[in-house]
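Novice: Predicted model and sequence follow; I will ask about them next.
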Amino acid sequence: MSEAFDAAAATAAPAGEIRAWPTSVQELAEAERLVLWSFRRWVSGPEQLPMLAREFDRQFRRSDARPALLALDAALTGLSRHARRTIVHHQPCCPCLGADEVCFVSIVAALQGGAPQAARAMAQWLVRAPGLEAFVAPLDEFAACLTGSGLDLPYRTRQRPSLEPLAFHGPALASVH
């Protein structure tokens, strides 16, 4: 992957320490960074696909590289056709992490972790009901390719909410770069 992702890996959480909800790329596990990078490259345009194919050849077992690429392509085609709204993403080497990106990585992790109902529930945040299977079914194949190649994502479950309300101090502004 890129130097930015390698630099982020150097400051990631120590082995065995997985935070509940990552807020930046450096908090992601290696397999999560691959999934995020793949998503970002795909949505950046068709000129990125040769680079994506080369990286899959490096990261996946030989027998899983092409099926993983085809599954990712099918899933993201389904997402683009059935998106509930505009899907927000950062540039491929940006160290920031958006909510839609966390959702995508979490869906793959849930599928890989044997929680298809959770994956479908999260997917409904990104796609309309008629496109749910066109999005989730190929992601399940993608998750299986990741597993077959030893690329295991941590399945982050939601922590029990605190009984105290969260305090927000600041302007309600949103910016993506």
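Specialist: In hand now; what should we look at? Just so we're clear, the structure is a prediction, and the values are computed from it rather than from any experiment. Numbering: from 1, shown residues only.
Novice: on contacts alone, who are the packing partners of the strand or helix carrying Ala68?
Specialist: In this assignment (DSSP states H and E), Ala68 forms part of helix 62-82. In terms of contacts (3 or more C-beta pairs under 8 Å, 6 or more residues apart in numbering; DSSP states H and E), helix 62-82 is packed against helix 30-43, helix 49-59, helix 132-148. For glycine as for every other residue, the C-beta is placed from the backbone atoms N, C-alpha and C.
Novice: quick one: contacts of the second one?
Specialist: Residues outside helix 49-59 that contact it (C-beta atoms under 8 Å, 6 or more residues apart in numbering) are 1, 34, 37-38, 41-42, 65-66, 68-69, 72, 149, 151.
Novice: what residue lies at the spatial centre of the protein?
Specialist: Residue closest to the average C-alpha location in the chain (C-alpha atoms, centre = their mean): Val105, at 2.4 Å.
Novice: between the contacts of helix 49-59, which is nearest Ala123?
Specialist: Leu72 (14.7 Å; C-beta to C-beta).
Novice: Deepest in the core, which of the helices and strands packed on helix 62-82 is it.
Specialist: Of all those, helix 30-43 carries the top mean neighbour count, a mean of 22, counting by mean count of other C-beta atoms under 10 Å.
Novice: State the mean pLDDT of that one.
Specialist: Helix 30-43 shows an average pLDDT of 96 in the prediction.
Novice: Could you tell me the angle between it and helix 62-82?
Specialist: Going by axes from the mean of the first three to the mean of the last three C-alpha atoms, to 10 degrees, helix 30-43 is angled at 50 degrees with respect to helix 62-82.
Novice: Please tell me how far Met51 sits from Ile107.
Specialist: Per C-beta to C-beta, to the nearest Å, Met51 is found 23 Å from Ile107.
Novice: What of His90?
Specialist: From His90 across to Ile107, the span is 18 Å (C-beta to C-beta).
Novice: which of those two has more neighbours?
Specialist: Using other C-beta atoms under 10 Å as the criterion, His90 and Ile107 rank with Ile107 on top: 28 against 18.
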